[in-house]
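Participant: Starting from these lines, generate the structure:
(one chain, ligands or ions: 1)
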Amino acid sequence: MSVAQQIVDRHTHLLIGNYGKQPAVFTRGNGSTLWDADGKSYIDLFAGFGGTILGHAHPDLVKAIHLQSQMLWHVGNQFYTEPQVRLAEAIRQASFDGRGFFCHSGAEAAEAAIKLARISGGPNRKKIVSMHKGFHGRTLGALSATSGPAQHGFDPLVPDFIHVPFDDLNALDAVMDEQTAAVIMEPIQSEGGMNVPSPQYVAGVRALCDQTGAALILDEVWTGVGRTGKFFGHQHIGVTPDIMTMGKALGGGIPVGGIWAVPERASFFKPGTHGSTLGGNPICAAVSAEVFNVINRDNLLARAVEGGQHITRFMQSSRHASKMADIRGRGMFIGVQLNTPDATALLRRCLELGLVINVTQKNVIRICPALTISTAQLQQGLELLDKALENI
Ligand SMILES: Cc1ncc(COP(=O)(O)O)c(C=O)c1O
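Facilitator: Sure thing, here's the model as predicted:
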């Protein structure tokens with residue numbers, strides 16, 4: 001039996017089957033190249049749900065881990081540590097005047113944001129409004145804001161969460177009132193199918209929050225940390241949230257999540273109101289701060305824009321363009337909606353060809369490589385995708 005098959009069998013025996021699996025066992029990665037247990041190489045155009053925004057084993061992140069791991073691992077958040085400050089300064093420089101809290105995942109960031117919105121809204125504001133097809137994570141609070149099948153079977157969810165159609169200001173207006181603690185939404189819906197709202201919509205959501213006193217929570221877990229060509233998705237629209245959530249790329253592939261909140265809201269979290277034992281620990285924070293340094297130093301926001309244009313042009317001029325219903329997104333965060341209702345078979349074909357890609361909502365291909373991918377490798381990956389589309 002091959003080494004890969006042994007790993008699959010041991011995994012199946014010991015791990016809970018809550019993930020749909022693809023038949024590949026990865027053992028090594030460098031930049032945008034992955035290798036499996038049999039030594040076969042793959043081009044990675046998915047970056048692990050966007051986590052490895054600088055690719056695998058980026059030398060500066062390796063160095064940051066190495067240096068910090070020799071100095072200090074963890075002491076607990078009752079003490080001050082410098083890497084957390086460095087990370088907060090990097091986020092402050094990349095976003096708006098605020099204060100941060102760090103955890104390990106996007107779902108925990110959503111939990112923190114929802115709690116902060118409720119506590120800062122006072123005792124009469126409990127309602128949280130979120131969007132159809134929105135996704136915010138799988139813990140019970142985050143799941144209550146998430147919409148669709150992810151919720152099924154987990155009743156009762158947290159009370160006072162309601163969902164409205166995305167990109168429909170009238171629908172939102174109809175439910176906003178003085179009991180609304182927050183509206184939570186993604187600047188671009190990812191799991192929901194790579195849906196880009198109109199800029200007027202997001203500006204309108206901001207205005208409705210201002211009129212009613214509700215907090216605007218923008219979930220920047222996918223769109224944050226450079227993927228769209230700006231550090232945060234809301235910067236394309238000129239709308240500033242009261243609270244934003246972050247995850248995925250924030251740690252460059254190491255588990256780091258967090259929120260960033262305007263000072264007037266942030267001050268409502270006092271000792272004892274919220275916490276996370278390992279959140280913002282020195283190793284995670286040092287790596288995360290270095291992600292921002294590298295993006296700035298290597299001008300990777302511009303690279304995200306160029307890469308996105310390359311992907312869009314390639315797909316538009318593909319010989320399979322007639323199989324595509326739409327190409328949308330921003331920066332290196334591109335969704336290609338296919339005409340066929342179910343394109344999930346494409347994933348396996350791509351793996352056979354040596355390409356890692358993803359499909360959401362059954363027929364929307366998500367293309368979101370590391371911002372460090374070279375144009376040549378990006379082109380090579382897209383050619384493999386084009387080849388795989390022959391079978392669709
Ligand atoms: C927009 C968005 N927010 C939050 C989450 C939850 O993040 P995590 O899986 O790190 O808990 C996800 C996960 O896919 C997401 O897409």
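Participant: rest of the way, CA atoms for contacts and neighbours
Facilitator: Noted.
Participant: Angles on the backbone of residue 360, please.
Facilitator: When read as degrees, to the nearest 10, the backbone of residue 360 gives phi -120, psi 160.
Participant: what bridges to it?
Facilitator: Counting by DSSP bridges, residue 360 is bridged to residue 364.
Participant: Give me the neighbour count for it.
Facilitator: Counted with other C-alpha atoms under 10 Å, the neighbours of residue 360 add up to 19.
Participant: Can you give me the pLDDT of it?
Facilitator: As predicted, residue 360 sits at a pLDDT of 97.
Participant: Then residue 392?
Facilitator: pLDDT recorded at residue 392 is 88.
Participant: close enough to count as contact, it and residue 344?
Facilitator: No: Residue 392 is beyond contact range of residue 344, at 9.8 Å (criterion: C-alpha atoms under 8 Å).
Participant: can you dump the C-alpha coordinates of stretch 297-315 into CSV?
Facilitator: Presented in CSV, the C-alpha positions along stretch 297-315 are these (Å, rounded to 0.1, in the frame of the first residue of the first chain):
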residue,chain,number,x,y,z
ARG,A,297,7.8,46.0,1.2
ASP,A,298,7.1,43.9,-1.9
ASN,A,299,4.3,46.1,-3.2
LEU,A,300,2.0,43.1,-3.2
LEU,A,301,-1.3,45.1,-3.2
ALA,A,302,-0.4,46.2,-6.7
ARG,A,303,0.5,42.6,-7.5
ALA,A,304,-2.9,41.5,-6.4
VAL,A,305,-4.5,43.9,-8.8
GLU,A,306,-2.3,42.9,-11.7
GLY,A,307,-2.8,39.2,-10.9
GLY,A,308,-6.5,39.7,-10.8
GLN,A,309,-6.5,41.4,-14.2
HIS,A,310,-4.4,38.5,-15.6
ILE,A,311,-6.8,35.9,-14.3
THR,A,312,-9.9,37.8,-15.6
ARG,A,313,-8.3,38.4,-19.1
PHE,A,314,-7.3,34.8,-19.3
MET,A,315,-10.8,33.5,-18.4
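Participant: Provide the contact partners of that stretch at residue level.
Facilitator: With C-alpha atoms under 8 Å, 6 or more residues apart in numbering as the test, stretch 297-315 has contacts from 226-231, 294-295, 321, 327, 330-334, 371-372, 375, 378, 382.
Participant: Over to stretch 375-383?
Facilitator: The set of residues external to stretch 375-383 that reach it, using C-alpha under 8 Å, 6+ apart, is 32, 43, 44, 45, 307, 311, 314, 355.
Participant: And the residues you listed, which two are furthest apart?
Facilitator: Across the contacts of stretch 375-383, the longest distance by C-alpha to C-alpha is 18.7 Å; it joins 32 and 314.
Participant: what about the two, which has more around it?
Facilitator: Ranked by neighbour count (other C-alpha under 10 Å), residue 32 and residue 314 place residue 32 first, with 28 against 16.
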